[in-house]
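Enquirer: What follows is a protein structure lacking sequence information:
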């Protein structure tokens, strides 16, 4: 119930296509454009968000034009600038700088919502963990609470994990609809490291099943729909994870923390705030 896709030149073709067998409700593409180049798309039955990872571009959604989207030189240089597009919308992206990179995240959605821009000041940050517990990370919610009533069940964030630290910890899952203890969500991770030669470990396991572990490097993508999924990065390297969550039945993500590790929730600062930001 998971898949690791190694870094490759996807040539602006989807990394996670619609109806992917592991995450059938999710979509992910990386688009790289030089000045003046364009990319157009329309996804049937999917809402999307175009997040400018680096560079600058104009984004047009069904005739509504958002100019100069993208205010950072790379993912390590501040908050993202993004544009949300509703189900079945026609989107056109035109780069205003060379080496512009856009992450397009999508999720199935039956209702159409109007497009809107999410500037850096609208990104909602939360700090979790500590160096002492080797769990320090910062999560920047791009499409989170600000999408309530304006978007379907798509949640998108950027996570920055300090060198040698764990994220997705204590281990938790969200693969069953059991309100109020848990909600069902698919998830996709796209990794980068700083310096670029860094690596990490991605784990995924379920009760009574053989655990799986993967060595992750810059540009890799991991998607899953079942199991606990803690992540760790190597000492000396910071980790970035572009995170896509798609709710099967609702927008509110309720994480079910593995019972044997729940005592750690009292030792890791910011866990309660993190939980609330995803709900």
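Expert: Thanks, I have the structure now. Since the structure is predicted, the reported quantities are computational estimates derived from the model, not experimental observations.
Enquirer: State the distance from the spatially most central residue of the chain to residue 30.
Expert: The centroid of the chain falls nearest to residue 243 when counting by CA atoms, centre = their mean (1.5 Å). When distances are taken as CB to CB, to the nearest Å, residue 243 and residue 30 turn out to be 14 Å apart. C-beta here means a position set from N, CA and C on the backbone, and glycine is covered the same way.
Enquirer: again, but for residue 133
Expert: Taking CB to CB, one finds residue 133 at 33 Å from residue 30.
Enquirer: Contacts only, for the residue nearest to the centre of the chain.
Expert: 155-159, 187-189 (CB atoms under 8 Å, 6 or more residues apart in numbering).
Enquirer: Let's see that with 6 Å instead.
Expert: Applying CB atoms under 6 Å, 6 or more residues apart in numbering, we find residue 243 in contact with 157, 159.
Enquirer: so it is in which element?
Expert: strand 238-247 (DSSP states H and E).
Enquirer: coming back round to it: which of residue 133 and residue 30 has more residues huddled nearby?
Expert: residue 30 (20 against 14; other CB atoms under 10 Å).
Enquirer: ok, now which ones touch that one?
Expert: When the contact criterion is CB under 6 Å, 6+ apart, the partners of residue 30 are 10, 103.
Enquirer: Could you look up the SS state of it?
Expert: Recorded secondary structure, residue 30: strand (DSSP: H, G, I helix; E, B strand; the rest coil).
Enquirer: Quickly run through the sheet partners of the host helix or strand of residue 188, with directions.
Expert: Assessed by DSSP H and E, residue 188 sits inside strand 185-194. Using DSSP bridges, the strands paired with strand 185-194 are strand 221-224 (antiparallel), strand 238-247 (antiparallel).
Enquirer: Pass me the low-pLDDT residue ranges in the stretch 1-150 of the chain, would you?
Expert: For the stretch 1-150 of the chain, no stretch has pLDDT under 70.
Enquirer: which residue ranges form the helices in it?
Expert: With DSSP state H, counting those that start in this stretch, there are no helices along the stretch 1-150 of the chain.
Enquirer: Give the next helix or strand downstream of the strand holding residue 188.
Expert: Going down the chain from strand 185-194, the next helix or strand is strand 199-204, by DSSP H and E.
Enquirer: Measure how far that next one is from the centre of its chain, please.
Expert: 16 Å (CA atoms, centre = their mean, to the nearest Å).
Enquirer: I'd like to know which elements the following helix or strand past it is packed against.
Expert: Using DSSP H and E, the helix or strand that follows strand 199-204 in sequence is strand 212-217. Contacts defined by 3 or more CB pairs under 6 Å, 6 or more residues apart in numbering; DSSP states H and E place strand 212-217 against strand 199-204.
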